[in-house]
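Peer 1: Predicted model and sequence below, questions to follow.
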Amino acid sequence: MTEVKECESLHKFFEVLLALGNYLNGTTARGGAYGFNLGSLTKMAELKSIDAKTTLLEYAVGYCQKENPKAIEFPS
């Protein structure tokens, strides 16, 4: 539990997920959130793009690989 709480890369990845969720929800009641439940990760893994090939979670990982690779360097 301590590793999860102190893992900076996990925190960065969750920041990216939160930012994507806030962007998609825009100015709706769900937009502008300060956090999310871990159960929301399941929804992100199910939400498909227009071409139905990529999920939001896959997009987030790809984005991090390109823009901030340290955000997906998790301890084993």
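Peer 2: Structure's in. What do you need?

Peer 1: roughly how far apart are residue 48 and residue 11?
Peer 2: Going from residue 48 to residue 11 by C-beta to C-beta, to the nearest Å gives 27 Å. Where you see a C-beta, it was placed from the backbone N, CA and C, and this is true even at glycine.

Peer 1: actually residue 39, sorry about that
Peer 2: 18 Å.

Peer 1: Pick out whichever of these two has more residues nearby.
Peer 2: Counted by other C-beta atoms under 10 Å, residue 39 and residue 11 do not tie: residue 11 has more neighbours, with 12 against 7.

Peer 1: What does the more buried one show for phi and psi?
Peer 2: Main-chain torsions, residue 11, degrees, to the nearest 10: phi -60, psi -40.

Peer 1: Got the confidence number for it?
Peer 2: Predicted confidence (pLDDT) for residue 11: 87.

Peer 1: swap in residue 76?
Peer 2: 69.

Peer 1: Could you do residue 62 as well?
Peer 2: 90.

Peer 1: Name the SS class of it, please.
Peer 2: Here residue 62 is helix, with the state taken from DSSP: H, G, I helix; E, B strand; the rest coil.

Peer 1: From residue 30, how far off is it?
Peer 2: Here the criterion is C-beta to C-beta. By it, residue 62 lies 24 Å from residue 30.

Peer 1: and if you look at residue 44?
Peer 2: Noted for residue 44: a distance of 13 Å to residue 30, by C-beta to C-beta.

Peer 1: Between these two, which contacts overlap?
Peer 2: residue 21 (C-beta atoms under 8 Å, 6 or more residues apart in numbering).

Peer 1: Of these two, which one has the most company?
Peer 2: Neighbour tally, residue 44 and residue 30, criterion other C-beta under 10 Å: the higher count belongs to residue 44, 18 against 12.

Peer 1: So that one belongs to a helix, correct?
Peer 2: Yes - counting by three-state DSSP, residue 44 is found in a helix.

Peer 1: phi, psi of the spatially most distant residue from the centre of the chain?
Peer 2: No residue in the chain sits farther from the centre than residue 2, which is 20.7 Å out by C-alpha atoms, centre = their mean. Main-chain torsions, residue 2, degrees, to the nearest 10: phi -60, psi -40.
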